[in-house]
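Asks: sharing a model prediction with you, sequence too.
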Amino acid sequence: MLLPVFCFAGGDAVAGRVKSVAQHGDVYVIHFIQTDDRPELIKDCKEIIITLKYSRVPWFSWLPFIKNDHPTKKETAESIQYLRKANKDNQTIYFGYMGYGLVPTGPKCSFKSKGLKIEVDGGKLLVLSYHDPT
């Protein structure tokens, strides 16, 4: 069960495996396969491809008086390391999105993200994708 804040923000997470994490400069391509029996994280997509290029959201979020929940560059790097380890160890993880965290790119089951963050819910680690503010 996810925390109520996830539901309020329109987020969700499912169990699955990281098939691959590739890096091309500052862009990461993550292939995730959902393995649980829940409805798909994204309708009709048990396998998704996420193209991640870190970006601050909103662009002025570096200002000290601006508070938002978008992942930092460090949080995104930590999440990538976690995904790589899960891939290497063939470990089941929980992956999802927060708000508008997975934006379709055109091809079916292909999405873009601007940041990742590891959250804890009920003792489970969740890797959540963020794109636009909720």
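Replies: That came through, no problem. As the structure is a computational prediction, the values presented were derived from the model and not from experiment.

Asks: count the neighbours of residue 93 for me.
Replies: Using other C-beta atoms under 10 Å, residue 93 has 23 other residues around it. Just so you know, the C-beta spots here come from the backbone N, C-alpha and C atoms, and that holds for glycine as well.

Asks: report the contact partners of it.
Replies: The contact partners of residue 93, taken as C-beta atoms under 8 Å, 6 or more residues apart in numbering, are 15-18, 82-83, 86, 125, 127.

Asks: try 6 Å this time
Replies: For residue 93, the contacting residues are residue 86, by C-beta atoms under 6 Å, 6 or more residues apart in numbering.

Asks: host element of it?
Replies: strand 92-97 (DSSP states H and E).

Asks: could I get the average pLDDT for the helix or strand that comes right after that strand?
Replies: Counting by DSSP H and E, the element after strand 92-97 in chain order, helix or strand, is strand 103-104. Per-residue pLDDT over strand 103-104 has a mean of 92.

Asks: which is the next helix or strand following strand 103-104?
Replies: Counting by DSSP H and E, what follows strand 103-104 is strand 110-113.

Asks: what comes into contact with that next one?
Replies: The contact list for strand 110-113, computed with C-beta under 6 Å, 6+ apart, reads 49-52, 102-105, 129, 131.
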